[in-house]
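>>> coords please:
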Amino acid sequence: MRLDALLARATGRLSRAGSPSPRLDAEVLLCYVMGVDRTWLYTWGDHAAPTFERARFEALVAARASGHPVAYLTGEREFWGLALATSPHTLIPRPDTETLVEALLELAQEGSGRLLDLGTGTGAIALAFASERPAWEILGVDRVTEAVALATANARRLGVANARFVVSDWFSALADARFSLIAANPPYIDSRDPHLSQGDVRFEPKSALVSAEAGLADLRHIIRSARAHLAPGGWLVLEHGHEQAAPVRALLHEAGYVDLASRRDLGGRERVSLGRRS
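Here you go, the predicted structure:
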């Protein structure tokens, strides 16, 4: 079977299974199996599919059709132009989180400083920022040991030397350390949210998705605790649900932060809120 015919068949199967991006999913999986990029597929689609690679590809397509995330099947996801290794121990980096990175970079105009990334997961936020601000010192923390190991491996593989990662349950291992910027993409989904039974999130760790108090418990804890770890004038920058901007700004105000603002994601929804320690 030709590669283009194999792709067409896989795309149809994934479409019927409900994938939101069936053609892209099929192309990414076939590129992974063949060890090529998508341009190669477009150029050489008339080539015959090798038997072994075809069998591997069809097995991955079957797994994707049953709902398994592409990023877990390939073990990789691109974020901010960086190829990050992924794992079922961490959330899959998403394009909307680049809104948070953009906000951090706008605030980091000084030549150097220190950034803390809470709940770092794959290290996506920390490594994206570190790649753009090599004079800054970046610390990523996560309470999941496997996540810290994965983020450390990603930094090493990408050659990012100004980011390091340690195990910490939010601020628990940080003593009196202070930072110019603190970033977090914490759990913020209500346990009753119907989206938890849909799409990729079915396979992602619930501890990284779900928070009590209608999704606000971890955001509230971070907002209250971050002031002790922010340098004077430092900023706290938080990702949250698209309907949580107003309550998050209210929490920031109650905790004494000033210059409050929210930023919109790629879909035009308020996804990131920030405040400065007065």
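>>> Now for the residue nearest to the spatial centre of the chain: which residues touch it?
Among the residues of the chain, the one closest to the centroid is residue 93, at 2.5 Å (CA atoms, centre = their mean). Residues near residue 93 by CB atoms under 8 Å, 6 or more residues apart in numbering: 71, 77, 79, 84, 86, 121, 122, 124. C-beta: built from backbone N, CA, C; applies to glycine.
>>> try 7 Å this time
77, 79, 84, 122, 124 (CB atoms under 7 Å, 6 or more residues apart in numbering).
>>> Restrict the one helix or strand residue 154 maps to to CA atoms and write it as CSV.
Per DSSP states H and E, residue 154 falls inside helix 145-158. Provided in CSV are the C-alpha atoms of helix 145-158 (Å, rounded to 0.1, in the frame of the first residue of the first chain):
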residue,chain,number,x,y,z
THR,A,145,9.4,12.8,41.1
GLU,A,146,8.9,11.4,37.6
ALA,A,147,8.0,14.9,36.3
VAL,A,148,11.1,16.4,37.7
ALA,A,149,13.2,13.7,36.1
LEU,A,150,11.5,14.3,32.8
ALA,A,151,11.9,18.0,32.9
THR,A,152,15.6,17.6,33.8
ALA,A,153,16.1,15.2,30.9
ASN,A,154,14.3,17.7,28.5
ALA,A,155,16.6,20.5,29.6
ARG,A,156,19.7,18.3,29.1
ARG,A,157,18.5,17.1,25.7
LEU,A,158,17.7,20.6,24.5
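>>> tell me which residues of it are tucked away?
147, 148, 150, 151, 152, 153, 154, 155, 158 (16 or more other CB atoms under 10 Å).
>>> all helices in the stretch 51-200 of the chain, in order from the N-terminus.
With DSSP state H, counting those that start in this stretch as the criterion, the stretch 51-200 of the chain has helices at 51-65, 70-74, 98-107, 124-132, 145-158.
>>> looking at those, which is buried most?
Of all the helices of the stretch 51-200 of the chain, helix 124-132 carries the top mean neighbour count, a mean of 25, counting by mean count of other CB atoms under 10 Å.
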